[in-house]
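> sequence? don't have it. structure:
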């Protein structure tokens, strides 16, 4: 039987399904009232097709909550004027976060996904000024045209790449990061990151092909400070998934054993364990 996950865009439904599951919990970390509609039965089927589904459930819930909190904080503390979400998929933050009505929220994704999302949410009212832009980020010319357009936005602004970099080659991440650094109004960049060690664990046994599809996990870095620093970005904070999962009550399987083992590790190894995955907070160098 063919995998229900065929393209990168399909993962938007897969992720939305896990947001719907989290939102249905009595102790939910967030309330995404639109996730179930966007995921549909295909999203549920995708989740069933992916090996180790429960391991993705906790990670996607924690990732969502961490980014929610960071966006809300930065919008307030830095008086942000706009947020741009690259490869936005079926994200619904402009409908559910406590954002200022005057904030501009720009979603960027492929034309087909943008069209479908517009149709599915046409009767929903965002809390801020929402715009969707159809751009293929793999097209260098189209991506740079987008950067030029963003450069005309009144700043300061924030760019979000959630669930995107993992699917890119390092050279593609470098090209994207360098392009973003040329956009003067952009001050912040939020992105999820994984270490090479975690990438190896994720790809062991051929599981890098998501749900039996041809989609593979690719990008990882063990030195985000240096990697992004060379592109014009300073890593100012790193919110580790392991510690956040413990704090929020959403942990990976056998997390208790990892915590015991970490007590006996050298400080450097312990820190590497904590930084295997998380959310990087990057600030554009002036």
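Nice, thanks for sending it over. The structure displayed is predicted, hence computed values, not measured ones.
> Tell me if I am right that residue 150 is in a helix.
Yes. According to DSSP: H, G, I helix; E, B strand; the rest coil, residue 150 belongs to a helix.
> The closest residue to it other than its chain neighbours: how many residues sit nearby?
Closest residue in space to residue 150, ignoring its immediate chain neighbours: residue 183 at 4.9 Å, by CB to CB, 6 or more residues apart in numbering. C-beta coordinates here come from the backbone N, C-alpha and C atoms, glycine included. Neighbour count for residue 183, taken as other CB atoms under 10 Å: 21.
> Over to residue 171?
Around residue 171 there are 9 residues (other CB under 10 Å).
> picking that back up, for the residue nearest to residue 150, what are its contacts?
147, 150-151, 157, 159 (CB atoms under 8 Å, 6 or more residues apart in numbering).
> gap between stretch 220-228 and the chain center?
17 Å (CA atoms, centre = their mean, to the nearest Å).
> scratch that, stretch 238-256
Distance, centroid of stretch 238-256 to centroid of chain: 17 Å (CA atoms, centre = their mean).
> from the contacts of residue 183, which is closest to residue 8?
residue 159 (18.5 Å; CB to CB).
> OK, contacts around that closest one?
83-86, 180, 183, 186, 188-190.
> Equivalent analysis for residue 150, please.
84, 106, 157, 183, 185-186.
> any chance of the contacts of residue 183 in TSV, plus distance to residue 26 and pLDDT?
Shown next, in TSV, are those (distance: CB to CB, whole Å; pLDDT from 0 to 100):
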residue	distance to residue 26	pLDDT
147	44	97
150	40	97
151	45	96
157	36	98
159	34	98
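> Can you list the low-confidence ranges for the stretch 51-200 of the chain?
Low-confidence segments of the stretch 51-200 of the chain (pLDDT under 70): 51-54.
> Serialize the contacts of residue 183 to JSON lines and add fields for distance to residue 21.
Formatted as JSON lines, the contacts of residue 183 follow (distance: CB to CB, whole Å):
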{"residue": "147", "distance to residue 21": "36"}
{"residue": "150", "distance to residue 21": "34"}
{"residue": "151", "distance to residue 21": "39"}
{"residue": "157", "distance to residue 21": "32"}
{"residue": "159", "distance to residue 21": "28"}
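> just those residues now: which is nearest residue 4?
residue 159 (30.2 Å).
> give me the element the closest one is part of.
In this structure, residue 159 sits in strand 157-161 according to DSSP states H and E.
> Mind listing residues that contact the helix or strand following that strand?
The first helix or strand that comes after strand 157-161 along the chain, using DSSP H and E, is helix 170-181. Applying CB under 8 Å, 6+ apart, the external contacts of helix 170-181 come out as 86, 137-138, 140, 143-144, 147, 159, 161, 165, 168, 186, 189, 218-219, 221, 228, 231-233, 284-285.
> Show me how far helix 170-181 is from its chain's centre.
16 Å.
> Show me what counts as buried in the lengthiest helix in the chain.
For the chain, the longest helix by residue count, based on DSSP state H, is helix 53-77. By 16 or more other CB atoms under 10 Å, the buried positions in helix 53-77 come out as 53, 56-71, 74-75.
> and the direction of it versus that of strand 157-161, what angle?
180 degrees (axes from the mean of the first three to the mean of the last three CA atoms, to 10 degrees).
> And helix 53-77, what does it pack against?
helix 11-23, strand 157-161, strand 186-194, helix 241-248, strand 277-284 (3 or more CB pairs under 8 Å, 6 or more residues apart in numbering; DSSP states H and E).
> got these as a markdown table, with distance to residue 114 columns?
As requested, the helices and strands packed on helix 53-77 are exported to a markdown table (distance: least, CB to CB, whole Å):
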| stretch | distance to residue 114 |
| --- | --- |
| helix 11-23 | 11 |
| strand 157-161 | 16 |
| strand 186-194 | 21 |
| helix 241-248 | 29 |
| strand 277-284 | 25 |
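> Nearest to residue 265, out of those?
helix 241-248 (12.8 Å).
> Alright, that wraps it up for me.
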